[in-house]
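Visitor: curious how this folds, go ahead:
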Amino acid sequence: MNIMLQRIIERLVRTGNLTVTSASGSSHRFGDGGGDPVHVVFRTRHAERAVALDPMLALPEAFMDGEMDVVEGDILGLLRIAYQNMGPSGVEAAWTKALEGLRNAFRRLQQLNTTGRSRRNVQRHYDLSGEMYKLFLDTDMQYSCAYFERPDMTLEEAQLAKKRHLAAKLRLKPGQNVLDIGSGWGGLGLYLARNFEADVLGVTLSTEQHAVSTERAHAEGLENHVHFELRDYRHLTERFDRIVSVGMFEHVGVNHYRTFFDKCATLLKPDGVMVLHSIGRSGPPCATNAFIRKYIFPGGYIPALSEVLPVIEKAGLMVSDVEILRIHYAETLKNWRERFMANRERAKEIYDERFCRMWEFYLAGSEAAFRWQDLMVFQIQLTHRNNVVPLTRDYIGKCEKALAMHDGPRKSEPASSKQPKRRISEAGE
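Guide: Coordinates of the predicted model:
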């Protein structure tokens, strides 16, 4: 085995049960032997050297290229050993500190997300085959953190609960207009229009998502209440009673936070409410994971709250509520990973083996980061005035209960009968 790689693993892996077989065929055991065994095999000396020099990028690349395999256990198990030995605050090993420090120093250059660059970044990920996404997402195509009110919830149930949770925080009233920034495949916008008779404008930069969401609005007979457009939020001029953004803020980039919140402050009416749902980190700011930035979300960045709240203050908006969802995304990703692996052969037919390995590492790595590192999801409720929402948070649960009663019968209805039902009044009252 590459001597530098061996020394690195010896220093890092104090607990766990890890076996590494080198390209030369020699095997080495690391850890205290506790926990589920994981056995990694390196196929090339090149991969050993690369991982020793830059593990954050070279390890997933070696797996993608077939130069490294996990022959016992899986990628999630390997990352569990690594992350639990590193500690929750991230990379602690001395050999990567300088490299990660350099990446952190240049992180702003990697997030110059102009209008044109933002569109290209979105196309890299969200304009993949819609059929591929259907292999692992829920039936409503929610590609963001679900809300597990109970541990025994299915993915479909938890994603529906997420929509209820967001709707409750928006304090919607019938006839209000809603802006959905980063509207995805349209599920949330359709839900708000269907249940509250709201007029929704969803904006996206993905041509694939725009086509699907528009088709869905017509299929449900909601085209007069829900419109999806290929527009950058920075080009909007209308004003809205409510603004919601789910899973889009991660693509804004720290350089553009002031632009984002200044624009939202302008678009939100004086008595309006905004809810921002985004991945964040509980630790201090740091660079985007090198593998994620290069292969999955170019231009993406996961912020610390210390980077977000000061910009909100400068934009003149008031934070009326903050909620941290901790393990919810880990459970969401577990569901996605299991569904993807169950449909892996079909994904391979759509793309190829290397793509499947890349997504297997992406889904496992993301789940591991939410379970054993400092990633979380935050929901921030914003207003212009401090008397727009009630004094206590009781209204959220009341509205969710009303929506849950309203949602229940729809599960057994055929698609042809899905017509808008009696609307939910404000806060479920």
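Visitor: hmm, which helix or strand of this structure has the shakiest average pLDDT?
Guide: helix 94-105 (a mean of 51; mean pLDDT, DSSP states H and E).
Visitor: my guess is Y351 contacts M132. True?
Guide: Yes: counting by CB atoms under 8 Å, Y351 does reach M132; the two are 7.1 Å apart. Glycine gets a C-beta too; all of them are placed from N, C-alpha and C.
Visitor: more crowded one of the two?
Guide: Higher neighbour count among Y351 and M132: M132, with 18 against 14, using other CB atoms under 10 Å.
Visitor: just the strands in the stretch 51-200 of the chain please.
Guide: 68-72, 177-181, 199-204 (DSSP state E, counting those that start in this stretch).
Visitor: quick one: closest of these to I324.
Guide: Proximity to I324 (CB to CB) singles out strand 177-181 among those, at 21.1 Å.
Visitor: pull the residues that contact the top helix by length along the chain.
Guide: Using DSSP state H, we find that the single longest helix of the chain is helix 353-372. Applying CB atoms under 8 Å, 6 or more residues apart in numbering, the contact partners of helix 353-372 are 60, 63-66, 74-76, 79-80, 83-84, 88, 136, 289, 291-292, 295-296, 326-327, 329-330, 333-334, 336-337, 340-341, 344, 347-348, 375-376.
Visitor: just the mean pLDDT for that helix, thanks.
Guide: Averaged over helix 353-372, pLDDT sits at 96.
Visitor: the helix or strand following it pairs with which strands?
Guide: Proceeding N to C from helix 353-372, the next assigned helix or strand is strand 375-383, under DSSP states H and E. Looking at strand 375-383 with DSSP bridges, its partner strands are strand 268-281 (antiparallel), strand 318-325 (antiparallel).
Visitor: pairing partners for the residue lying closest to L170 once chain neighbours are set aside in the sheet, please.
Guide: Nearest non-adjacent residue to L170, counting by CB to CB, 6 or more residues apart in numbering: R242, 4.9 Å away. With DSSP bridges as the criterion, R242 is bridged to V178, V273.
Visitor: residues in contact with R242?
Guide: Neighbour list for R242: 170-172, 176-179, 198, 272-274 [criterion: CB under 8 Å, 6+ apart].
Visitor: so which of those comes closest to M56?
Guide: For the contacts of R242, the nearest to M56 is M274 (34.4 Å; CB to CB).
Visitor: what about that closest one, distance to R339?
Guide: 32 Å (CB to CB, to the nearest Å).
Visitor: between these two, which is the more surrounded one?
Guide: Applying other CB under 10 Å to M274 and R339 shows that M274 carries more neighbours, namely 25 against 17.
Visitor: contact partners for the more buried one?
Guide: 242-245, 264, 268, 317, 381-383.
Visitor: can I get those residues in a markdown table with distance to H39 and pLDDT?
Guide: A markdown table is the format used below for the contacts of M274 (distance: CB to CB, whole Å; pLDDT from 0 to 100):
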| residue | distance to H39 | pLDDT |
| --- | --- | --- |
| R242 | 52 | 98 |
| I243 | 50 | 98 |
| V244 | 45 | 98 |
| S245 | 43 | 98 |
| C264 | 50 | 98 |
| L268 | 54 | 98 |
| L317 | 52 | 98 |
| Q381 | 47 | 98 |
| L382 | 49 | 98 |
| T383 | 54 | 98 |
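Visitor: can you select the buried ones among the residues you listed for me in ChimeraX?
Guide: Selection of buried members from the contacts of M274 for ChimeraX, criterion 16 or more other CB atoms under 10 Å:
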select :242,243,244,245,264,268,317,381,382,383
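Visitor: distance to A158 for the contacts of M274 - can I get that in TSV?
Guide: As requested, these are arranged in TSV below (distance: CB to CB, whole Å):
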residue	distance to A158
R242	23
I243	24
V244	18
S245	20
C264	27
L268	28
L317	29
Q381	21
L382	25
T383	27
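Visitor: A50: which of the contacts of M274 is nearest?
Guide: Using CB to CB, S245 comes nearest to A50 of those, at 37.8 Å.
Visitor: any idea how far the closest one is from K348?
Guide: With distances taken as CB to CB, S245 is found 34 Å from K348.
Visitor: repeat for L201
Guide: Counting by CB to CB, the separation of L201 from K348 is 38 Å.
Visitor: who has more neighbours out of the two?
Guide: Using other CB under 10 Å, the more surrounded residue of L201 and K348 is L201, with 19 against 14.
Visitor: ok, that one touching N177?
Guide: Yes: using CB under 8 Å, L201 is in contact with N177, at 7.1 Å.
Visitor: can you list residues touching both of these two?
Guide: Residues touching both L201 and N177 (CB under 8 Å, 6+ apart): 238, 240.
Visitor: which residues touch G77?
Guide: Counting by CB under 8 Å, 6+ apart, G77 touches 36, 38, 70.
Visitor: switch the cut-off to 6 Å
Guide: Counting by CB atoms under 6 Å, 6 or more residues apart in numbering, G77 touches 36, 38.
Visitor: pLDDT value on it, please?
Guide: 98.
Visitor: tell me which of the strands paired with strand 375-383 is the most buried.
Guide: Compared across the strands paired with strand 375-383, strand 268-281 shows the largest average neighbour count, a mean of 21 (mean count of other CB atoms under 10 Å).
Visitor: next helix or strand past it?
Guide: Past strand 268-281, the next helix or strand by DSSP H and E is helix 290-291.
Visitor: can you put the strands paired with strand 375-383 in TSV and add distance to R11?
Guide: Below are the strands paired with strand 375-383 laid out as TSV (distance: least, CB to CB, whole Å):
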stretch	distance to R11
strand 268-281	25
strand 318-325	33
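Visitor: among those strands, which is nearest R216?
Guide: Relative to R216, the nearest member of these by CB to CB is strand 268-281, separated by 20.5 Å.
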